[in-house]
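Q: have a look at this prediction, sequence included:
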Amino acid sequence: MAALPSVSEPAVMLRGIFRDLSRISGERRTQPRIVFFHLPRTGGTAIAKDILFPNFPRSQWCHVNYGVDFQPLGGAQHPLAWTKSKRARVKLLAGHMPFGLTRHFPGPSEYFTMLRDPVQRTISDYYYCRRALCNAAHEEARKLSLIEFVRRGLGLTHNCYARWLSNAIYGTEFRSKNEMLEAARANLSLFAFVGLTEMFDASVSRICERFRLLRSPLSIVNRNQATPAGNSLSSEERRTIIHCNELDHVLYEDCRRRFLAEAAETEPVRAIAATVGPEPHT
């Protein structure tokens, strides 16, 4: 009898991948739902498309993109219109959403997000608006300079993090900026993990470790192509951006300290601080 052909190396590798996915899928049934709270212009599209979605069957993940009127944008899913049993099957919820959306999903959930230096995020938002024809601020971005765009509060150039994390962007009202900041801080304290765009590779590694995700290479298409290479700010532009994002600066520094403190428990801070990845397109 002829000897059976040997199993090829690619087949062995595929078997290993399928075995790992099966094991992870089984473990995930008893774990909290993963919720990626995507803050704009922080590299979230790369994380969602290249890391999160490939780890789940299509029937178990939900991509949302809620506008300020709670209506889905850009063909995103609308789980609030689903049955309770269908929402219960969701193991990954990712996208732009109000904080607390998970109260409509049965079972426990764990949030994570990414923050980026507010100055760099604001610059990215301006150039993104200039490029994106469908953006509501596109025409103004094409006509105005960066500093004029920021001064007028167009796009998401004024305290984006504070407004989003406190749900102010979805209509929650506050008596003062400080009250909004404290609401954002309180909600952020409930997140299982907060990564930093400036430490992108280290953040992705820790996301995968914490939530037991298999990591795939990041696709080039998701890199940030909106901001011109070598872009530099005048001192007036920088002062204006900082002034208009003072709450976001507080939140970012809180999260940066938390990130480095957590990293110090498992690996040298110097190695983490030096890990600066590409700027993915959000």
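A: Here it is on my side, so go on. Remember, predicted model here, so these are calculated numbers, not experimental data.
Q: what about Q77, distance to S59?
A: Counting by C-beta to C-beta, to the nearest Å, the separation of Q77 from S59 is 12 Å. Every residue, glycine included, has its C-beta placed from N, CA and C.
Q: show me which of these two is the more surrounded one.
A: More crowded of Q77 and S59, by other C-beta atoms under 10 Å: Q77, with 16 against 10.
Q: nearest residue to that one in space, please, no chain neighbours.
A: Among residues not flanking Q77 along the chain, C62 sits closest, at 5.2 Å (C-beta to C-beta, 6 or more residues apart in numbering).
Q: same thing with L188?
A: L165 (5.6 Å).
Q: and that neighbour, what pLDDT?
A: For L165, the model assigns a pLDDT of 98.
Q: got the contact list for it?
A: 37, 39, 99, 183-184, 187-188, 251 (C-beta atoms under 8 Å, 6 or more residues apart in numbering).
Q: mind putting those residues in CSV, secondary structure and distance to A264 included?
A: Output for these, formatted as CSV (DSSP: H, G, I helix; E, B strand; the rest coil; distance: C-beta to C-beta, whole Å):
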residue, secondary structure, distance to A264
F37, strand, 25
L39, coil, 25
F99, coil, 28
A183, helix, 29
A184, helix, 25
N187, helix, 25
L188, helix, 20
L251, helix, 21
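Q: weed out the non-buried ones from those residues.
A: The neighbour-count criterion (16 or more other C-beta atoms under 10 Å) marks 37, 39, 99, 183-184, 187-188, 251 among those as buried.
Q: how about those, which pair is most distant?
A: Using C-beta to C-beta, the pair of the buried ones among the contacts of L165 lying farthest apart is L39 and A183, separated by 15.4 Å.
Q: ok so, going back, now the residue nearest to L188. Its backbone dihedrals?
A: When read as degrees, to the nearest 10, the backbone of L165 gives phi -70, psi -30.
Q: what's the answer for L190, then?
A: Torsion angles, degrees, to the nearest 10, at L190: phi -90, psi -10.
Q: can you check the one 4 residues further on too?
A: As for V194, its main-chain torsions (degrees, to the nearest 10) stand at phi -130, psi 120.
Q: now the helices for the protein?
A: 9-28, 44-46, 84-88, 118-131, 138-143, 146-151, 160-165, 177-188, 200-211, 235-244, 246-264, 269-273 (DSSP state H).
Q: lowest average pLDDT across those?
A: Among the helices of the chain, helix 269-273 scores lowest, with a mean of 48.
Q: if I look at the closest residue to N135 other than its chain neighbours, how far off is T197?
A: Closest residue to N135 apart from its sequence neighbours, by C-beta to C-beta, 6+ apart: C129 at 4.9 Å. According to C-beta to C-beta, C129 stands 18 Å off from T197.
Q: likewise for L181?
A: From L181 to T197 the distance is 21 Å (C-beta to C-beta).
Q: compare these two (neighbour count), which wins?
A: Counted by other C-beta under 10 Å, L181 and T197 do not tie: T197 has more neighbours, with 27 against 21.
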